[in-house]
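1. Could you look at this predicted model? Sequence included:
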Amino acid sequence: MRLDYLTIFPDYLAPLGLSLPGKAVESGLIDVHVHDLREWTHDRHRTVDDTPYGGGAGMVLKPEPFGEAFEALGVDEHTTVVFTTPSGEPFTQRLAEELATRQRLVFACGRYEGIDQRVIDHAREVAEVREVSLGDYVLNGGEVAALAITEAVVRLLPGFMGNAESLVEESHTGGLLEYPVYTKPPVWDGREVPMVLRSGDHGLVAAWRQEQARRRTAERRPDLLAPSALDDGTPIERAV
Ligand SMILES: COC(=O)COc1cccc(COC(=O)c2cn[nH]c2)c1
């Protein structure tokens, strides 16, 4: 997978060379390129933003640099352009799994009041576009969101995680939160590990974990248990 990042703060994406994505880069699994958007400005001040038409506070990112950058990067029908934005679709594990199937992702990191809408409209005509929100809060820029999305996607790539099994049972798969986990020592801080986990009875352990996941999900994320979230389209038998 090739990953490109368009940003006015390229240093912000330096972590891409470390930790998880770093290993993937060395192994050749991913090919990462960070680009300074100002590369595609031509004035003395390397201007990337201007005041909003219609008035209002703040600045808007100009369309030309993005347009020239997309052209220079060869953004085409084989590319998925990801705009990280507070007004995007919610980023979920399901979307991470979908993006992990793509051959090329180009992250366009906006800030201020946003990117000129014509950039998104243009991108939709030449490539697949996803406007993605990390959550209902506003960051100064899209770079942090791009890093988070990158980590969630890259770790799903085949041959990436050392221990593939750990991907199978992880949280948000199967729609429930993860159960509590324990390791040695058996007693710490006067607290014992639940005996069922040391019983050696795999059936009991599985049942306990399922119950814990459901209880934790009901407490913290009832929205995940809402009928629509679990609806697989099977008609509900109505009591006559
Ligand atoms: C089309 O894309 C744009 O216009 C991007 O515009 C903006 C404007 C303000 C801030 C940001 C940074 O992203 C977030 O704050 C964000 C992403 N996820 N959750 C919060 C981006």
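-> Perfect, thanks for sending it. Numbering: from 1, shown residues only.

2. hey, let's count contacts and neighbours off CA atoms from now on
-> Noted.

3. Get me the contact residues on the chain for the ligand.
-> Counting by C-alpha under 6 Å from any ligand atom, the chain comes close to the ligand at 83-86, 110-115, 133-135, 137-142, 145.

4. Let me know the pLDDT of the most centrally placed residue in the chain.
-> Central residue of the chain (C-alpha atoms, centre = their mean): I149, 2.4 Å from the mean position. I149 is assigned 97 on the pLDDT scale.

5. In contact with the residue lying closest to K62 once chain neighbours are set aside, which residues?
-> In this structure, K62 finds its nearest non-sequential neighbour in D49, 5.0 Å apart by C-alpha to C-alpha, 6 or more residues apart in numbering. Contacts of D49 were listed using C-alpha atoms under 8 Å, 6 or more residues apart in numbering, and they are M59, V60, L61, K62.

6. Which phi and psi values does D49 adopt?
-> phi -140, psi 160 (degrees, to the nearest 10).

7. Just the pLDDT for it.
-> For D49, the predicted pLDDT is 98.

8. and the contacts of D49, which of them are in helices?
-> Using DSSP state H, no member of the contacts of D49 falls within helices.

9. And the residues you listed, which of them are buried?
-> Using 16 or more other C-alpha atoms under 10 Å as the burial test, the contacts of D49 include M59, V60, L61, K62 as buried.

10. Low-confidence regions, this structure specifically.
-> 17-22, 161-173, 228-240 (pLDDT under 70).

11. just checking, what packs against the strand ranked longest in it?
-> Longest strand of the chain, by residue count under DSSP state E: strand 80-90. Here strand 80-90 touches strand 104-109, strand 128-133, helix 143-154, going by 3 or more C-alpha pairs under 8 Å, 6 or more residues apart in numbering; DSSP states H and E.

12. can you pull the buried residues of whichever helix or strand comes after that strand?
-> Going down the chain from strand 80-90, the next helix or strand is helix 93-99, by DSSP states H and E. For helix 93-99, the neighbour count (16+ other C-alpha under 10 Å) marks Q93, L95, A96, E97, L99 as buried.

13. This structure: helices as residue ranges?
-> 19-26, 63-73, 93-99, 117-126, 143-154, 165-168, 202-220, 222-225, 227-230.

14. Find the one among the ones you listed with the highest mean neighbour count.
-> Highest mean neighbour count among the helices of the chain (mean count of other C-alpha atoms under 10 Å): helix 143-154, with a mean of 20.

15. Report all helices and strands that that one contacts.
-> helix 19-26, strand 80-90, helix 93-99, strand 104-109.

16. just how off-centre is that helix within its chain?
-> For helix 143-154, the distance from its own C-alpha centre to the chain's C-alpha centre is 5 Å (C-alpha atoms, centre = their mean, to the nearest Å).

17. Not counting it itself, show me its contacts.
-> Taking C-alpha under 8 Å, 6+ apart as the rule, helix 143-154 contacts 7, 9, 12-13, 16, 20-21, 24, 30, 84, 91, 93, 96-97, 99-100, 107, 109-110, 133-134, 160.
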